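Asker: need a structure here:
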Amino acid sequence: MKEVYGESNLCRICNIKQILTYAKMKVQPVWIDEGYGGRLIAYYFIPETKAAWKYWLENKPVIEMTENNGPSARKEA
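Answerer: Alright, predicted model coming up:
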């Protein structure tokens, strides 16, 4: 895969929400692998991801900090 696309032309994504967003935009990974403790890693050809990356930056899910999931809740647990 790296020989075909070049290592500098590939990006690795392991955020499942980002992978699903790319799939909805018809951007498919060139390779899927397992890593980081069994998590899914999708390898994308960077030139094909420009529009999807821009969309992701503008619309990515925001995690709202509450007393149940904020930093203080983690310290108490």
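Asker: chain center to the strand ranked longest in the chain, what's the gap?
Answerer: Counting residues, the longest strand found in the chain (DSSP state E) is strand 39-45. Distance of strand 39-45 from the chain centroid (CA atoms, centre = their mean, to the nearest Å) equals 8 Å.
Asker: buried ones in that strand?
Answerer: Within strand 39-45, the residues that qualify as buried are Ala42, Tyr43, Tyr44, Phe45, counting by 16 or more other CB atoms under 10 Å. Glycine gets a C-beta too; all of them are placed from N, C-alpha and C.
Asker: State the next helix or strand along the chain beyond the helix or strand hosting Gln18.
Answerer: Here Gln18 sits within helix 16-24, counting by DSSP states H and E. As assigned by DSSP H and E, the chain's next helix or strand after helix 16-24 is strand 31-35.
Asker: Which elements pack onto that following strand?
Answerer: Secondary-structure packing of strand 31-35 (3 or more CB pairs under 8 Å, 6 or more residues apart in numbering; DSSP states H and E): strand 39-45.
Asker: quick one, the strand it packs on and helix 16-24 angle?
Answerer: Computed with axes from the mean of the first three to the mean of the last three CA atoms, to 10 degrees, the direction of strand 39-45 lies at 40 degrees from that of helix 16-24.
Asker: Adjacent strands (with direction) for strand 39-45?
Answerer: Here strand 39-45 has these sheet partners by DSSP bridges: strand 10-13 (antiparallel), strand 31-35 (antiparallel).
Asker: hmm, who's touching that strand?
Answerer: 1, 5, 9-14, 16, 19, 22, 27, 29-35 (CB atoms under 8 Å, 6 or more residues apart in numbering).
Asker: quick one: buried residues of stretch 43-61?
Answerer: Within stretch 43-61, the residues scored as buried using 16+ other CB under 10 Å are Tyr43, Tyr44, Phe45, Glu48, Thr49, Ala52, Trp53, Tyr55, Trp56.
Asker: Same question for stretch 16-30.
Answerer: Of the residues in stretch 16-30, those buried (16+ other CB under 10 Å) are Gln18, Ile19, Thr21, Tyr22, Val27, Pro29.
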